[in-house]
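Colleague: Here is my input, please return the structure:
(chains A, B and C)
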Amino acid sequence: MPVLIAKIALSAATFAIDKPYDYLIPAELAELSPGVRVIVPFGAGNRRTEGIVLAVETAENLDKRLKSILACLDEEPVLTDEGIRTALWMRERWFCTVYDAVRAMLPAGLYYALQDCYRLADGIEKEAALEAAGRSKYERQVVELVSVRQSGLEAAQIREAFGTKDPGPALRSLLGKGVLALETSAARGVGDKTEKLISLAIPPEEALAQVTPKRKTAPLRYAVVELLAGIGEAAVKEVCYFTGAANATIRSLEKSGLVTITEQEVFRRAGPDHVEPAGPVKLNREQDAAFQGLNAMAEAGTAAVALLYGVTGSGKTQVYLRLIEETLKRGKTALTLVPEIALTPQLMAIYTAHFGDEVAVLHSSLRAGERYDEWKRIRTGKAQVVIGTRSAVFAPLERLGLVILDEEQEGSYKSENVPRYHARDVAKYRAQRNGALLVLGSATPSVETMYHARQGDYRLFTLARRYNERELPAVFLADMKEELQAGNTSPLSLPLRQALEENLKRGEQSILFLNRRGASRMVTCVHCGQVPSCPRCSAYLTYHSANHRLMCHYCGHSEPMPDSCPDCGGALEFVGAGTQRVEETLKELFPDVEVMRMDADTVTASQSHEKLLARFREERIPILVGTQMVAKGLDFENVTLVGVISADQGLYLDDYRAGERTFSLITQVVGRAGRGSKAGRAIIQTFTPENDVITAAARQDYDHFYEQEIGLRKVRNCPPFSSFFVITVSGAEEGQTLRVCAMLRDTLLGWLGAEPYRGFSCQVLGPAPAAITKVNNRYRYRLTLMAENIRLFRALVAHLVRCAQADRKNRGVSITADIDPMN
DNA sequence: AGCACGCCGACT
DNA sequence: GTCGGCGTGCTC
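Modeller: Presented below is the predicted three-dimensional model:
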């Protein structure tokens, strides 16, 4: 008798054991189709696990050993066939499990939280249950707990009652005896972002009276209560930030009844601005030429990739819009990806203006419900145009005809957590499968992309003229070495200071720009040179003026800023030119001038950076200092001066992409400045004014930069000439971590010497400690393999990782692999 | 990674 | 008996 069998990818499967598992489809689920999620028993303990059906098959002879699917979670498939294929491809391509990929593809609002609920089995009374439990004290405890309520008890509550002791064995034993019944329910809609709020549960005086006696021994408890007494209700996160209290402290305060914690949904979305429908798109001759070429490619219906290389301000957006219009006319759908939604609000507004309700927007600051709604609109075909950030590359569009990746060189397209995919590659894969056109747009294309374009793999379209023929600002390189020799240790050079003064006199606005990496601010002792570092990480602590504390950016540790050096008592001094330091310097120089600072610290939920920028423009605040996010303000009419504080920051890092990043950053800052009718100026501060990357960027000379860079890449065998495979080993014990890493290298070298890998070109570097060796008390060592990114070699790396993970000797260490990581 | 299973010694 | 600890092997 034939039976139905489902191939299922499981959430509980780790990378080492991930594969499609076979389960029997029970009669009541006979309609089950691929793409729906199910609950299945897995492992020796039959723990409930979420999975997704990859395929349904019929088998003639029933294999007795197959387990059955317990329940189905979706009425309709949440993944299309293409989605399933993409997930399978991602496992092979990015060293993740199929379910890791599935998780990345689905909107948060679709997540289920599985909840196990234990109750006495039907027809079993408490007495009988106790008897069955026999003399086992834990089993008796479980029976006592569970029999309180007819409906039974959630697993989490039983675990809580047991404290540190694991109730698992007792529960399983009782389950086996038939005394207990287990029901697994799937609760939906847990994905919404909530924020925990904390407030005093008792009057402030009383609370203070309770904690004051132990002020010396429990300073954090005191600090939290004191803060709350002053401000009333606050977010737990903020309270931790300002006092340095850990979550444990907060919980203990809650337990002692001093504070109460409530959860509230976070509303982060700025209301959708109402946009007037836009008129037809007009293209100039150059844009039209690019459009015609691209459109012909899209129309052909065969998969292809094109690079639209258009200098800043050349009007790539209009070309996108025309291409999308034509794609829609052909009855196909279009997907546009942008690096960070926060940096491209205009693009969204423009899309909405052109395509109205047909546009769906997907990005991280949407609430789970909104994201889910947008996802549904796409899934049901109501939205045919999608714009969004990295994960929007998985938008469930059918009949995909066009994919646009704007600012394709941006690093944010690469995911930093599992699955560590690159949206560009996923986009390429989807375009390939759909016979769609992928357009990579950029003013400063990544070296890899330009290489492919020049090789003829991608068609190249160029927009060389600035829209409206606007003039570039005059660029001046300020030599910071000279400044230093002249005794100027402030972050502002003399030329920049003079330019600022002139702008202030003329009533024009200025923007000072800091590289992100230069944004942090360390503290050092003038006497002994000590720099306070994190106790859990091998990283220096950074000073935050908002709470006057030293914080670790890797693990979140924080401590109060000491008055003097903890080691020798010497005076402490700030190093590095963070935005805060620049702001303070400006305030000293121009005491009566308002300075606005914009960085991760000042941009919060209520002070979104659009709001800050709007204020900057409307109130004509003379000077704006900030990181990347200030770039948008450069378009403003009254901004006539832009200063790049530390152009070198990040340029001399041990990273082959450093040059590319610096070039892109400076080029865009300069290219955007002086958009108005008044002539603009740009001052770039650098310690190495002769550096090729910096001078090329000042001239807006991409070709020169590219020629230099591709030569370097070739010599060093960096992408696009090879790929970096980085295997990271991390563990609590440094010796073991290093040993495992070395063992991996030896195994790999052994394999590379044998068939079928003999002769395959692969450079093996390491084991080397990661840039931040210790994070959260775990040591990290890595192997770097430089090799061609082909299936055969990926299979080898995957096999290596799987073997190492399965090895009992490597317990306690985690082993992961990544391709072309961003740091 | 979980989890069972088998084995051992300790407690009572 | 029961409990805790630990090594080994499998997950449809």
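Colleague: From here on, just use CA atoms for contacts and neighbour counts.
Modeller: OK.
Colleague: Identify the residue nearest the residue of chain A found nearest DNA strand B in space, chain neighbours excluded?
Modeller: Across chain A, the shortest distance to DNA strand B (Cα to the nearest atom of the strand) belongs to A:Gly45, at 3.4 Å. Leaving out its chain neighbours, the residue that sits closest to A:Gly45 by Cα to Cα, 6 or more residues apart in numbering is A:Arg172, at 7.6 Å.
Colleague: Give me the secondary structure label for that neighbour.
Modeller: Here A:Arg172 is helix, with the state taken from DSSP: H, G, I helix; E, B strand; the rest coil.
Colleague: roughly how far apart are the residue of chain A closest to DNA strand B and A:Ser173?
Modeller: According to Cα to Cα, to the nearest Å, A:Gly45 stands 10 Å off from A:Ser173.
Colleague: neighbour count winner among these two?
Modeller: When neighbours are counted by other Cα atoms under 10 Å, A:Gly45 and A:Ser173 differ, and A:Ser173 comes out ahead with 15 against 10.
Colleague: distance of the spatially closest residue to the more buried one that is not a sequence neighbour from A:Asn789?
Modeller: Taking Cα to Cα, 6+ apart as the measure, A:Ser173 lies nearest to A:Glu139, with 7.9 Å between them; neighbours along the chain are not counted. Summarising the geometry, the distance separating A:Glu139 from A:Asn789, computed by Cα to Cα, is 54 Å.
Colleague: what comes up buried for stretch A:128-145?
Modeller: Using 16 or more other Cα atoms under 10 Å as the test for burial, stretch A:128-145 gives A:129-130, A:132-133, A:138-143, A:145.
Colleague: Quick one: low-confidence residue ranges for the stretch 351-500 of chain A.
Modeller: Flagging of the stretch 351-500 of chain A using pLDDT under 70 yields the residue ranges A:468-469.
Colleague: so where do the helices sit in it?
Modeller: Taking DSSP state H, counting those that start in this stretch as the criterion, the stretch 351-500 of chain A contains helices spanning A:368-379, A:423-434, A:447-455, A:480-485, A:494-506.
Colleague: again with the stretch 551-700 of chain A
Modeller: So, for the stretch 551-700 of chain A - with DSSP H, counting those that start in this stretch - the helices run A:579-589, A:609-618, A:658-672, A:692-699.
Colleague: Tell me which of those lies nearest to A:Ile387.
Modeller: Within those, the stretch nearest A:Ile387 is helix A:609-618; the backing value is 18.7 Å (Cα to Cα).
Colleague: which helices and strands sit right next to that closest one?
Modeller: strand A:595-598 (3 or more Cα pairs under 8 Å, 6 or more residues apart in numbering; DSSP states H and E).
Colleague: so what strands line up beside the strand it packs on?
Modeller: strand A:623-626 (parallel) (DSSP bridges).
Colleague: what does the strand it pairs with contact?
Modeller: Contacting residues not belonging to strand A:623-626 are listed as A:509-514, A:579, A:582-583, A:594-599, A:616, A:630 [Cα atoms under 8 Å, 6 or more residues apart in numbering].
Colleague: Can I get that strand in CSV, CA atoms only?
Modeller: Only the C-alpha atoms of strand A:623-626 are listed here, as CSV (Å, rounded to 0.1, in the frame of the first residue of the first chain):
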residue,chain,number,x,y,z
ILE,A,623,27.4,73.4,11.7
LEU,A,624,26.5,69.7,11.5
VAL,A,625,29.0,67.0,12.7
GLY,A,626,28.4,63.4,12.1
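Colleague: Give the rounded mean pLDDT of it.
Modeller: For strand A:623-626, the per-residue pLDDT values average out at 92.
Colleague: Can you give me the neighbour number for the residue nearest to A:Gly45?
Modeller: When neighbours are counted by other Cα under 10 Å, A:Arg172 registers 17.
Colleague: cool, and A:Met1?
Modeller: Other residues near A:Met1 number 6, with proximity taken as other Cα under 10 Å.
Colleague: and of the helices of the stretch 551-700 of chain A, who's closest to A:Asp100?
Modeller: Of all the helices of the stretch 551-700 of chain A, it is helix A:658-672 that lies closest to A:Asp100, at 29.6 Å by Cα to Cα.
Colleague: quick one: that closest one to chain centroid distance?
Modeller: Taking the mean C-alpha point of helix A:658-672 and that of its whole chain, the gap between them comes to 22 Å (Cα atoms, centre = their mean, to the nearest Å).
Colleague: what sits against A:Tyr294?
Modeller: Tyr isn't right for residue A:294; it's Leu. Going by Cα under 8 Å, 6+ apart, A:Leu294 touches A:306, A:323.
Colleague: make it 6 Å
Modeller: A:Leu294 makes contact with no residue under the criterion Cα atoms under 6 Å, 6 or more residues apart in numbering.
Colleague: For A:Ala300, see how far away it is.
Modeller: A:Leu294 sits at a distance of 10 Å from A:Ala300 (criterion: Cα to Cα).
Colleague: One more: A:Glu183?
Modeller: 54 Å.
Colleague: residue boundaries of the helices in the stretch 51-200 of chain A?
Modeller: Shown for the stretch 51-200 of chain A, the helices assigned by DSSP H, counting those that start in this stretch span residues A:81-94, A:98-105, A:126-133, A:137-146, A:155-162, A:168-176.
Colleague: which one of those is the most hemmed in?
Modeller: Per-residue neighbour counts averaged over each of the helices of the stretch 51-200 of chain A give the maximum for helix A:98-105, namely a mean of 23 (mean count of other Cα atoms under 10 Å).
Colleague: For it, enumerate the helices and strands it packs against.
Modeller: helix A:81-94 (3 or more Cα pairs under 6 Å, 6 or more residues apart in numbering; DSSP states H and E).
Colleague: quick check: mean pLDDT across the helix it packs on?
Modeller: The average of the pLDDT scores along helix A:81-94 is 97.
Colleague: so how far is it from its chain's centroid?
Modeller: Relative to the centre of its chain, helix A:81-94 is centred 20 Å away, using Cα atoms, centre = their mean.
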